[in-house]
Structures are given as structure tokens and as C-alpha cells.
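> okay, predicted coordinates and the sequence, questions at the end:
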Amino acid sequence: MALTKTPIELSSTPSIVDGGNATAITIGSDESVALSGTFTLPNANATNEISFLGTEFTNVLSATTSGFQFGTTGAGYLQFLTGNTARMTIDGSTGNVGLGVVPTTDHNPVVEALQIGSTANLFGRNDAEITTLTSNSYLSVAGYPKYITTNEASEYIQTSGNHIWYNAPSGTAGATCTLTERLRISAQGQLTSNSSADDDYGLEIKNNSSTRPYGLEIELVNGTSNTTQALIVSRSGGNNKFIVWTNGNAQNVNNSYTGLSDLKLKENIVDSGSQWDDLKAVRVRKYSLKDANLDAPNMLGVIAQELEEAGMSGLVDEHPDKDDENNDLGTVTKSVSYSILYMKAIKALQEAMTRIETLEAKVQTLENN
């Protein structure tokens, strides 16, 4: 409902005029009036108001049948003060609001903006489903973002279920602000990070818990065991370098898997003892995993419990079984350090080579005689 006003002409002498439906108080331009007690307006016609007329704008306090209106009928701003300091300003031409600041008049007309302090803006667009929170930037009348002060800028947008974060390097106040997307959570929950950090990682995940911290968990809730769906894909220069498939296979581009082995990291170095008997005791099995639901074995390896029975419990680790909420189920799953088993095989092979060479020498001696 549009504001209404009761015309009041300025005079040099204060006066009270009773028109029956309302009372008008006319005050001279160089005078003031003080009211004490309760000041009420009659309800006649439901259009009562207090108006302060000036040459550029009119302030109106009005009660209507639909509610209560307080504002200006012209283009002047509406300002609220405490301690004689402006705390909130509503721009008369755009309706944009400033908290602790007069809002800039350069806000694009497609936005309804709340400017907070000197650099923060919260605005919604009236031409699209977009809500934006910015720091040191705003959408200008020219149609592109501008810096508010000479500093870095950032922006967070919600649109169509998506959450998007942007930032921009330091720029000059009033200049075009070119924002780059850094992080996005899509409406489907997909997380995309876009980094341009030099000599550093694009994404770091840190857990500062002092009590049993965990790292990263990846789960395909409805995934199946195969080599077409990937748990992890690492790319460099546009090419796949490392992939972990849903069947557990780890694939890399050059079949090279390394471990730290520098002398500076090691101490208590001695030659290994014989691994001959251990290797003879290893039962190499064919089997299939239960979750594969196969009718015949398709894998080659060892059984952790059988290694323990053969006296090689040092190659077996136990891991507590947990549910989706990380609660301990009271059972464990055993794993085998195959890399150590392979080293034992190398040592046993060296022993076999020594025996073979000894036998060859004896055979050669017999043949020479």
C-alpha cells in the first residue's frame, strides 16, 4: 500500500488545528516542539500520520488498515541512529540497506542488497534464484563485480541447490573484480575443488583429534566389485597415473611401487637369517572372496591363520571390524604383509642359488675326474 500524507505548510508560529478527523501540528522551520506523556493519533479514516515536509523528501509515520508504515515518500534515505551515530541506512532510490555504512548507489538494480560495514554484502537477485554473500566485492550497475577496497575479495553463492565459493587476488578499489571458482558442492552433493597453489597441495585434509584420529574414507554405497568403477583416480597432464578399482586392485602407469629405504633412516642393520624353512612352510592357496559369489577360485595367495600356524605371525596384522558409524563390532579381520613375504622369498631364492651353485661345483668336479 502506498504511503499517504496530510499536507502541512510551514509557518512561523506553531499552531494546532482540529479538523474533526485528525489533528495537524504545524511547526515553523526554525522552531521545535517537545511532547511528553503518551502521544496518540485517532483512528478516524485509518490514515493518520505524522509528516515532516522538506524541499527534497518527506518522512512519514502512518497507520493504515493493512498495517503500519514508516518511511519516506520521496527519494531521500531513511536512517536510524544511536548515540547520534548512523547505525542503519535505507537508500531511498534502491531500497538497499546499509548497517554501519551508507550503501553504495552502484549496486546493480537486479539485486536487493544488505551492505554490512565497509566490505561485506549479502544480496538476493530479483531476476534469478541466487543468494550471494561477498567480502570486498559487489555486483555493480555495469553488470560485473567491483572491488570495494584495495584488497583481496571472496564470494559465496547459493543457486539451484548448488553452493559455490569464489575468490580474487588483491585489486584496486572500484576496479573490475575477476572472481575464480575455488570450491563447489553440487545439488547432488558432488564436491569439486579448484586450486592454483604453486609448490603446494590442491587439497589438504587434517584431523587434529588427540584421540585416535582417522583420515579419509571413501565409500561407494551401491558399488560392485569390478575393474570398471574406480574408488580413486589420480591424473597428471591429462593422463591416468594411479587407479584403485572397486575390486581392490591398485593400478599405476609404470608398475613401480616403492618404500622408503634410505640408509639415513635405518639402524641395527644385520644380515637376514635363513628363510628356507619359512618359505617351505608357506601354503600357497587358490581361492575366491565370498562377496564375489563365484563357484570356483580365481585368486592366488595365502591364508593369514595358516601363516600364524606356521610360526609367521609377524606377517599378520589384525584390524577391528567397525560399522558405518565407526562403532567396534567386537571382531577382527586379519591381513598379511605380502611385501615382507616377498622379501623372505628373495632370501630363500638366494639360499637356493647358493645350494645350486655348490651342487654344480661338485658335479663339475666329478665330471673332471
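Cool, got the structure.
> list the buried residues for the lengthiest helix in the chain?
Taking DSSP state H as the criterion, the chain has its longest helix at helix 338-368. Residues of helix 338-368 classed as buried: 341, 344, 347, 348 (neighbour count, 16 or more other Cβ atoms under 10 Å). Yep, even glycine has a C-beta here, placed from its N, CA and C like the rest.
> tell me what it is packed against?
Other elements packing on helix 338-368 under the criterion 3 or more Cβ pairs under 8 Å, 6 or more residues apart in numbering; DSSP states H and E are helix 276-281.
> all helices of the stretch 1-150 of the chain, in order?
For the stretch 1-150 of the chain, helices defined by DSSP state H, counting those that start in this stretch do not occur.
> how is this protein carved up into domains?
Listed domain ranges for the chain are 1-74, 77-195, 273-363 (source: automatic domain parsing).
> for residue 211, which of those is the nearest?
Ranking the domains of the chain by their distance to residue 211 (criterion: Cβ to Cβ) puts domain 273-363 first, at 12.5 Å.
> what about that closest one, start to end distance?
Chord length of domain 273-363, first to last residue, is 27 Å (Cα to Cα, to the nearest Å).
> and for stretch 117-136?
10 Å.
> let me see the mean pLDDT of it.
Stretch 117-136 shows a mean pLDDT of 94.
> ok, now stretch 209-219?
90.
> what of stretch 178-186?
Stretch 178-186 shows a mean pLDDT of 96.
> ditto for stretch 275-286
96.
> from the chain's centroid, how far away is that stretch?
Distance of stretch 275-286 from its chain centroid, counting by Cα atoms, centre = their mean, to the nearest Å, is 50 Å.
> contacts for that stretch next, please.
Residues from elsewhere that reach stretch 275-286, judged by Cβ atoms under 8 Å, 6 or more residues apart in numbering: 297, 299-303, 306-307, 310-312, 341, 344-345, 347-348, 351-352.
> could you redo the last one with a cut-off of 6 Å?
Stretch 275-286 is contacted by residues 297, 300, 303, 306, 310, 312, 344, 347, 348, 351 when judged by Cβ atoms under 6 Å, 6 or more residues apart in numbering.
> what about residue 137, how many neighbours?
When neighbours are defined as other Cβ atoms under 10 Å, residue 137 has 28 of them.
> repeat that for residue 157.
Around residue 157 sit 17 other residues, with neighbours defined as other Cβ under 10 Å.
> report the beta-bridge partners for it.
Using DSSP bridges, the bridge partners assigned to residue 157 are residue 132, residue 164.
> am I right that it is in contact with residue 132?
Yes. If you go by Cβ atoms under 6 Å, residue 157 and residue 132 touch, sitting 5.1 Å apart.
> and which of the buried residues of helix 338-368 is nearest to residue 153?
Using Cβ to Cβ, residue 341 is the member of these that lies nearest residue 153, at 56.5 Å.
> ok, now which ones touch the closest one?
residue 315.
> quick one, phi/psi of residue 171?
phi -140, psi 180 (degrees, to the nearest 10).
> so what pLDDT did the nearest residue to it once chain neighbours are set aside get?
Spatial nearest neighbour of residue 171, excluding adjacent residues (Cβ to Cβ, 6 or more residues apart in numbering): residue 147 at 4.6 Å. Residue 147 carries a pLDDT value of 97.
> hey, which of the domains of the chain is tucked in deepest?
domain 77-195 (a mean of 16; mean count of other Cβ atoms under 10 Å).
> picking up where we left off before, closest one to residue 137 out of the buried residues of helix 338-368, please.
Of all these, residue 341 has the smallest distance to residue 137: 59.2 Å, by Cβ to Cβ.
> so residue 213, which of the three states?
Under the three-state scheme (DSSP: H, G, I helix; E, B strand; the rest coil), residue 213 adopts coil.
> next up, the contacts around it.
Neighbour list for residue 213: residue 207 [criterion: Cβ under 6 Å, 6+ apart].
> from residue 303, how far out is it?
Note on residue 213: its distance to residue 303, by Cβ to Cβ, to the nearest Å, is 32 Å.
> leaving aside the residues next to it on the chain, what's closest to the spatially most central residue of the chain?
With distances taken as Cα atoms, centre = their mean, residue 183 lies nearest the centre of the chain, 6.3 Å away. What sits nearest to residue 183 in space, not counting adjacent residues and going by Cβ to Cβ, 6+ apart, is residue 165, at 4.3 Å.
> pLDDT value on that neighbour, please?
Looking at residue 165, the pLDDT reads 98.
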